[in-house]
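Novice: Predicted model follows, preceded by the sequence.
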Amino acid sequence: MCAALAEAGAHVVVTSRDEAACARAAQALCDAGLSASSHRLDLADEASIRALRDDTVAAYGRIDVLVNGSVHRQGGDPAGTTAADWAATSLVNSTGLFLITRDIGEQMMAQGSGSIVNIGSIYGVVGPTFDIYAGTGMTSPAFYAYDKGGMVNLTRYLACYYGPHGVRVNCLSPGGLRSDGQPDAFLAAYRAATPLGRLAGPDDIKGPIVFLASDASAYLTGTNIMVDGGWTAH
């Protein structure tokens, strides 16, 4: 997503709790002739969120796009999730999401424009198909359905709240994103259950994120775009 936005002409501020990883990611974009910088961000720390906003505005004058793509993973299915696990995921995936959107949303309202893109999931709109995880050691964690489902409706709420101020809020919900280390059994089961017969690669996310961030979607707000190879079509 960072590469897609930078390739489209944006200056991208790459954020993470890991400052070194941020710096490497931003430098890789710069080495490719794109415009990027890095900034540490801990969504569990309200002061860190505010520092990101203030430092970015001080450096560049405005914030045109916010992409909420972070997720804290802790716990598993209900039997494998403790109260501490649930609190830890909620602190980032719910409270942190709200705080960063509120703080940067205020800046966008002052500007009179902006686009907020929340990164959801197929599991924000449908329940998991546990059969695809059989024999893999993988599962669909309980917190994920809760947090991503809440994100979808928060998107609608914020679209109504920010719309009169020129700020759009949309959700992009991928499904089946290919990553290293996924077991062959899972990959085969996922392909068989998806109308397009494959998982998503990085390029499948690029077009939709640029669309939602840019004026190409100027009359679109409060929507949830599924990028899932047809998973949720049946």
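Specialist: Done, it's in. Residues are numbered from 1 along each chain as shown.
Novice: Mind giving me the packing neighbours of the lowest-mean-pLDDT helix or strand in the chain?
Specialist: For the chain, counting by mean pLDDT, DSSP states H and E, helix 184-193 ranks last in confidence among helices and strands (a mean of 94). When contacts are defined as 3 or more Cβ pairs under 8 Å, 6 or more residues apart in numbering; DSSP states H and E, helix 184-193 packs onto no helix or strand at all. Yep, even glycine has a C-beta here, placed from its N, CA and C like the rest.
Novice: buried ones in whatever helix or strand comes next after that helix?
Specialist: Next in sequence after helix 184-193, counting helices and strands by DSSP states H and E, comes helix 202-213. By neighbour count on 16 or more other Cβ atoms under 10 Å, the buried set for helix 202-213 is 204-206, 208-213.
Novice: Please point out which parts of the helix or strand where Thr155 lies sit buried.
Specialist: Per DSSP H and E: Thr155 is located in helix 142-162. Buried residues in helix 142-162, counted by 16+ other Cβ under 10 Å: 142-152, 154-156, 158-159, 162.
Novice: quick one on the thing from earlier: if we take the buried residues of helix 202-213, which one ends up nearest to Ala3?
Specialist: When the buried residues of helix 202-213 are ranked by distance to Ala3 (Cβ to Cβ), Lys206 comes first, at 7.4 Å.
Novice: The nearest residue to the closest one once chain neighbours are set aside: helix or strand, and which one exactly?
Specialist: For Lys206, ignoring the flanking residues on the chain, the nearest one in space by Cβ to Cβ, 6 or more residues apart in numbering is Ala4 at 3.7 Å. Assigned by DSSP H and E, Ala4 belongs to helix 2-7.
Novice: helices or strands up against that helix?
Specialist: Counting contacts by 3+ Cβ pairs under 8 Å, 6+ apart, helix 2-7 is packed against strand 12-16, helix 19-31, helix 202-213.
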